[in-house]
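K.L.:
show me the folded form of this:
(one chain, ligands or ions: 1)
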Amino acid sequence: MGGPEIEHLISLLGKLPGMGPRSARRAALRMLQAPEARMLPLAAALAEAARAVKPCADCGNLDSRDPCSICVDRSRDRSVICVVEGVGDLWALERAGVHRGLYHVLGGTLSPLAGVGPEDLNIGALLTRIPEGAVTEVILALSATVDGATTAHYLSDRLRPLGVSVTRVGQGVPMGGALDVLDDGTLAAALRARRSI
Ligand SMILES: [Zn+2]
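P.N.:
Residues are numbered from 1 along each chain as shown. Just a heads-up that it's a prediction; the model follows:
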């Protein structure tokens, strides 16, 4: 169509979530028509984010500071940790403003079938956070799937002996990557409807 550079750009753009070949071509064309205004600032932002953004050593959130902005925010309720599968879930809960405590990002769920064990997830760091501070409750905001339930029970068994109450958000709420599609009211209701496990 216009040389290997354009094809390469379109193929990279097409690998992004929500981008098919058609939207990748449109995005590439839009940038190529104004490289100074659209393309170079984007390239610089990509390079800067790739250099600066890292997972928080405490909670697993992505931030350009470590510990992340949430972990160092003294105005947050440090007695409650909300455990989520991915950073996308954390972002959705933050945008909705429904959780004022801290977070912990697991990086997935336990899945015996897919060969995902406790050592593959960010579980050790979670267990070390409990005795350190004044954590009284851990809220599990995990998917309502078999793997989500397996993970919730495993975490509950490990956390309860440490003296914290363990709760799980309302069942039937699609956590784990699907949080983004929920409106804020549904998210708030799901958090309010948490139960002990
Ligand atoms: Zn953090």
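
K.L.:
what sits against Tyr154?
P.N.:
Going by C-beta atoms under 8 Å, 6 or more residues apart in numbering, Tyr154 touches Leu110, Pro118. The C-beta positions use only the backbone N, C-alpha and C, and glycine is treated the same way.

K.L.:
which stretches of this structure have low pLDDT?
P.N.:
1, 132-133, 171-182 (pLDDT under 70).

K.L.:
got the residues of it near the ion?
P.N.:
Cys56, Asp58, Cys59, Asn61, Pro67, Cys68, Cys71 (C-beta under 5 Å from the ion).

K.L.:
in CSV: these, plus distance to Gly14, neighbour count and secondary structure.
P.N.:
Compiled in CSV, those are given as follows (distance: C-beta to C-beta, whole Å; neighbours: other C-beta atoms under 10 Å; DSSP: H, G, I helix; E, B strand; the rest coil):
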residue, distance to Gly14, neighbour count, secondary structure
Cys56, 31, 22, coil
Asp58, 35, 20, coil
Cys59, 32, 25, coil
Asn61, 28, 23, coil
Pro67, 35, 14, coil
Cys68, 31, 24, coil
Cys71, 35, 20, coil
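
K.L.:
please name the residues that touch the residue most central in space within the chain.
P.N.:
In the chain, the residue lying closest to the centroid (C-alpha atoms, centre = their mean) is Val87, at 1.3 Å. Val87 makes contacts with Gly60, Asn61, Leu62, Val105, as judged by C-beta under 8 Å, 6+ apart.

K.L.:
longest strand in this structure, by number of residues?
P.N.:
Counting residues, the longest strand found in the chain (DSSP state E) is strand 77-84.

K.L.:
any idea which helix or strand comes after that one?
P.N.:
helix 87-96 (DSSP states H and E).
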